[in-house]
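Participant: Please work out how this folds:
(2 chains)
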Amino acid sequence: MQSKRESMKAGREKLQRIIDMCKSVEDRSLDPFLIDVDQVINTLKEHFPEWEIPEDLVLDAETIHHLASVIKLQSEWVKHRSTSLYTDPFLLEEKLVRIGKEEMVETFLKAWHPIVELEQISLHSLAEALRYWESLLPLKERWKGFPPAEFETSLATREELIKERILRDKAFSEELENFWQELKSQVEEKGEEGKILYWDFVGAETYEETVQRAFMTSFLVTYGYATLEIHPLEEEIFVKPHEKPITKIGKKQLVSIPIAVSAEDWMMWKKGGLK
Amino acid sequence: MSKRKGYYASKIKRATHMLFYRRHKKPGVKGWELRKGLGSDYPKVLKILDDYLKALDLQVKTVFEEEKPAEKPTVEELDRARFYVTLRGELTSKEAKMIGWRIDDLAGLAITIAYIISKRGKTPRKEVEELLRDKLPGWKVGLNIDRYIRYGYLTQDENEQLYLDWRTRAEVDQKALIDLLLTK
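Facilitator: Below you'll find the predicted structure:
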């Protein structure tokens, strides 16, 4: 007869296999009905009484979590098949492989209705720009108010550099680590799904402090302590801390994301009008 | 002009400015913005504007946040929707070239969109690259997909899965495209 230890080992392996199978369905868009849900549930039921240590219970919960995702995919699959958009993917793929470029373009043009958008300057803004130009003083007049200062050179002390904000009293890496911890605790307190709205994190009592926090946040993202999640349609930006700093980016393409932190934005955030 | 006509004429002007001139990084205006700018009867204003645009072969297009509601959309659904002005009819291939699309690039876009639809809205980038490589030079395939992503036709997640993005939802009649392809 199989000993208890062997049965537990076999059970763990089965659950791990189920998790891998569910993951491949989720990641590679495979047919979600490849997974026999009843059978998986029976396997889970069969081994559940054996689990004693937390790791095994976590494995059990993870299996259920992935199974739930597969069931969701199955429901979406059924929903899609019942819509008018459903078509046999193999048939369509076959058509796509055989169709010529010109014919494809002709077909696409019948279903394509491009957006009309204008970026031209308006008469109103042109008139405003002219008014501004007229009232703008020539450079030589604007700059004559600042006589060249006379400088005396000497060695600056560390304290002076800190006062001038060139150096900080804490090492930058230490400050960044602290800021990362703050992000994590704020996400736990105020965030949802492991992330927090950008402005809820960087926004502070004063505008200066807000700019400082936005500056530090940019370093958190650049150095892999956190990532930005952008929902363009909702116009929402979230900051999501990583458990550990990610130093390797792999093959992913790096992108720069400019986020304006103007005084107006800050005022709007204070009034609760900015996410 | 009656008072009522004048009231709508000024609102239509305002709606035209809001819809034609790009206000954000992306074109289009959210329903709640139109409500703020035009008042709560903005759906009616848009309907009148749409009638005006017919003669110009343009239309006001509504793109709902989720799937298009089966019945009359609610105020909340309209507020969350995005509104655009799009071409009502069709472009000829000559016109498409004139607005900056090479035939290869447009065919690549069409194939990609149709393929993603056939895969229920999500497909690995590698599969699309393989499909395009059959008819486009290899060096162009990656560049083209990146361009479609940049324009907002596609989006890509961290697992290199491609999805249809906002511009496809706004510009492409997906059902018509599939029906036309299947009848070829």
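Participant: name the helices or strands packed onto the lowest-mean-pLDDT helix or strand in chain B?
Facilitator: Sorting the helices and strands of chain B by mean pLDDT, DSSP states H and E puts helix B:93-98 at the bottom, at a mean of 80. Judged by 3 or more Cβ pairs under 8 Å, 6 or more residues apart in numbering or on different chains; DSSP states H and E, the packing partners of helix B:93-98 are helix A:101-111, helix B:103-118. (Glycine included, C-beta is placed from N, CA and C.)
Participant: out of the ones you listed, deepest packed?
Facilitator: Mean neighbour count (mean count of other Cβ atoms under 10 Å in any protein chain shown) peaks for helix B:103-118 among these, with a mean of 22.
Participant: That one to helix A:101-111, inter-axis angle?
Facilitator: Relative orientation of helix B:103-118 and helix A:101-111, computed by axes from the mean of the first three to the mean of the last three Cα atoms, to 10 degrees: 60 degrees.
Participant: so after helix B:103-118, what's the next helix or strand?
Facilitator: strand B:122-124 (DSSP states H and E).
Participant: List the buried residues of that following strand.
Facilitator: Neighbour counts over strand B:122-124 (16 or more other Cβ atoms under 10 Å in any protein chain shown) mark B:T123, B:P124 as buried.
Participant: Give me the distance between that strand and the centre of its chain.
Facilitator: Chain-centre distance of strand B:122-124: 20 Å, with Cα atoms, centre = their mean, to the nearest Å.
Participant: got it, and stretch A:67-75?
Facilitator: Worked out by Cα atoms, centre = their mean, stretch A:67-75 lies 24 Å from the chain centre.
Participant: repeat for stretch A:172-182
Facilitator: Per Cα atoms, centre = their mean, the centroid offset for stretch A:172-182 relative to its chain is 20 Å.
Participant: Can you pull out the residues in contact with that stretch?
Facilitator: Here stretch A:172-182 makes contact (Cβ atoms under 8 Å, 6 or more residues apart in numbering or on different chains) with A:R168, A:K170, A:R213, A:M216, A:T217, A:F219, A:L220, A:Y223, A:Y225, A:A226, A:P241, A:P245.
Participant: where does chain B dip in pLDDT?
Facilitator: Residue ranges of chain B with pLDDT under 70: B:1-3, B:70.
Participant: and the residue lying closest to B:R23 once chain neighbours are set aside, what is it in contact with?
Facilitator: Computed as Cβ to Cβ, 6 or more residues apart in numbering or on different chains, the closest residue to B:R23 that is not its neighbour in sequence is B:V29, at 6.6 Å. Residues near B:V29 by Cβ under 8 Å, 6+ apart: B:M18, B:L19, B:R23, B:R82, B:F83, B:Y84.
Participant: can you pull out the helices in the chain?
Facilitator: The chain I'm using is chain A. A:4-28, A:37-47, A:54-82, A:89-98, A:101-111, A:123-135, A:139-143, A:158-163, A:172-190, A:198-202, A:207-222, A:263-270 (DSSP state H).
Participant: meant chain B actually
Facilitator: Along chain B, the stretches classed as helices by DSSP H are B:3-20, B:31-38, B:42-54, B:75-80, B:93-98, B:103-118, B:125-133, B:138-151, B:166-171, B:174-182.
Participant: now the contacts of B:V29 as TSV including neighbour count and distance to A:G194?
Facilitator: As requested, these are exported to TSV (neighbours: other Cβ atoms under 10 Å in any protein chain shown; distance: Cβ to Cβ, whole Å):
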residue	neighbour count	distance to A:G194
B:M18	18	37
B:L19	26	37
B:R23	14	32
B:R82	21	28
B:F83	23	33
B:Y84	25	34
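Participant: Of these, just say which sits nearest to B:E95.
Facilitator: B:Y84 (18.8 Å; Cβ to Cβ).
Participant: Contact partners for that closest one?
Facilitator: A:I115, A:V116, B:L19, B:P27, B:G28, B:V29, B:V60, B:K61, B:V63, B:A170.
Participant: Give me the buried stretch members for stretch A:263-275, please.
Facilitator: Buried, per 16+ other Cβ under 10 Å, within stretch A:263-275: A:D265, A:W266, A:W269, A:L274.
Participant: sorry, that was for stretch A:16-30
Facilitator: Neighbour counts using 16+ other Cβ under 10 Å place A:I18, A:I19, A:M21, A:C22, A:V25, A:E26, A:S29 of stretch A:16-30 among the buried residues.
Participant: Kindly report the same for stretch B:11-20.
Facilitator: Counting neighbours by 16+ other Cβ under 10 Å, stretch B:11-20 gives B:K11, B:I12, B:R14, B:A15, B:M18, B:L19, B:F20 as buried.
Participant: which one of these sits closest to chain A?
Facilitator: B:F20 (5.2 Å; Cβ to the nearest Cβ).
Participant: any chance of the contacts of stretch A:172-182 in TSV, with neighbour count, pLDDT and distance to A:D200 too?
Facilitator: Converted to TSV, these look like this (neighbours: other Cβ atoms under 10 Å in any protein chain shown; pLDDT from 0 to 100; distance: Cβ to Cβ, whole Å):
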residue	neighbour count	pLDDT	distance to A:D200
A:R168	11	63	25
A:K170	12	63	25
A:R213	18	89	11
A:M216	18	86	15
A:T217	22	90	12
A:F219	16	85	19
A:L220	23	88	15
A:Y223	14	82	22
A:Y225	22	88	18
A:A226	26	90	14
A:P241	24	91	14
A:P245	14	79	22
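Participant: ok, now which ones touch the nearest residue to B:G31 once chain neighbours are set aside?
Facilitator: Distance criterion Cβ to Cβ, 6+ apart; nearest residue to B:G31, sequence neighbours excluded, is B:D79 at 4.1 Å. Applying Cβ under 8 Å, 6+ apart, one finds that B:D79 lies in contact with B:K30, B:G31, B:W32, B:R35.
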